[in-house]
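1. Mind looking at a prediction? Sequence and model below.
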Amino acid sequence: MGTSVDDTRNLSGPSLLKGQKALVTGANSGIGKATAIGLGRMGADVVVNYVSDADAAEKVVREIEALGVRAYAHEADVSQEDQVVRMVSRMVEELGTVDILVANAGLQRDARLTDMTLAQWQKVLDVNLTGQFLCAREAAKEFLRRGVVPEVSSSAGKIICMSSVHQIIPWAGHVNYAASKGGVLMMMETMAQELAPHRIRVNGVAPGAIRTPINRSAWDTADAEESLLKLIPYGRVGEPEDIARAVGVLASDLLDYVVGATLYVDGGMTLFPGFATGG
């Protein structure tokens, strides 16, 4: 049945991820920022990846360090193989290893299908899908090299792929984004199948409508928010901290037997609320 979770370990609050080393991509704003700070609050040392706005990344680092753990910022474009390899290699050199990867970096380049350029299509696939593949590949190499360290975690490593409700909900005007997130779903499940025998857990988190800069137009006016709430049965727009908490628990030994699953953090958006009254 495998090794069970050590019941003597304190699995609450700042001890939840104590001693673990986490890499969060796209961590200088929005969901990535909240997640990086949240993992630090749970006791992990954190590498804050960013591709632009170094000042914002350094501010996140200072917030994490104030929690009593280690952190540093690393500039890298996750769609570039050499930059990802260097980022993970540096993390192993400076922090000793990688225990948790949160593959969060992502972007949108929206257009109607007939107006979408190949450059818009390719950029979103390069970052949202290929970027997650590259980061997961390099993290998995380190997990396999190191193996399980029982006093740190019951698993050899955790990969959390940040997806979206649009991995299953079509989204007109965003065919590149929806395609990338649909790819993340199958990539995550396939990696989980391949890596589980090595005690590596791969899972996904699929946010719904979250109050971040990437979708500001959907919530920054009363009319926009009222319209958005029609899609959310729970009656509120999500906050980045909602995702951060979900990631932290999913990365911990509390959910050690969860493998290849997607946790939808969406206030019920994937319940298709338009059918609540019979369609």
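-> Everything's here; your move.
2. mind listing what the strand ranked longest in the chain pairs with, with the direction of each?
-> With secondary structure taken from DSSP state E, the chain has its longest strand at strand 200-207. Strand pairing for strand 200-207, using DSSP bridges, gives strand 157-162 (parallel), strand 262-265 (parallel).
3. Report all helices and strands that the helix or strand just after the first one contacts.
-> Past strand 157-162, further along toward the C-terminus, the next helix or strand under DSSP states H and E is helix 175-195. Here helix 175-195 touches helix 118-125, helix 131-146, strand 157-162, strand 200-207, going by 3 or more CB pairs under 8 Å, 6 or more residues apart in numbering; DSSP states H and E. Using the backbone N, CA and C atoms, a C-beta is placed for each residue, glycine as well.
4. in the first one, what's buried?
-> It refers to helix 118-125. 120-121, 123-125 (16 or more other CB atoms under 10 Å).
5. Now tabulate the residues you listed in JSON lines and tack on distance to M87 and pLDDT.
-> Output for the buried residues of helix 118-125, formatted as JSON lines (distance: CB to CB, whole Å; pLDDT from 0 to 100):
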{"residue": "Q120", "distance to M87": "26", "pLDDT": "98"}
{"residue": "W121", "distance to M87": "26", "pLDDT": "98"}
{"residue": "K123", "distance to M87": "20", "pLDDT": "98"}
{"residue": "V124", "distance to M87": "21", "pLDDT": "98"}
{"residue": "L125", "distance to M87": "20", "pLDDT": "98"}
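6. that older thread, ok and the longest strand of the chain relative to helix 175-195, angle-wise?
-> 160 degrees (axes from the mean of the first three to the mean of the last three CA atoms, to 10 degrees).
7. Now tell me which helix or strand of the protein has the poorest mean pLDDT.
-> helix 222-229 (a mean of 86; mean pLDDT, DSSP states H and E).
8. which residues make contact with that helix from outside it?
-> Residues outside helix 222-229 that contact it (CB atoms under 8 Å, 6 or more residues apart in numbering) are 209, 217-219, 235-237.
9. repeat that for 7 Å
-> 209, 217-219, 235, 237 (CB atoms under 7 Å, 6 or more residues apart in numbering).
10. following that helix, which helix or strand comes up?
-> Assigned by DSSP H and E, the successor of helix 222-229 is helix 240-251.
11. Counting by contacts, list what that following helix packs against.
-> helix 30-41, strand 157-162, strand 200-207, strand 262-265 (3 or more CB pairs under 7 Å, 6 or more residues apart in numbering; DSSP states H and E).
12. And the ones you listed: which comes nearest V85?
-> strand 157-162 (16.4 Å; CB to CB).
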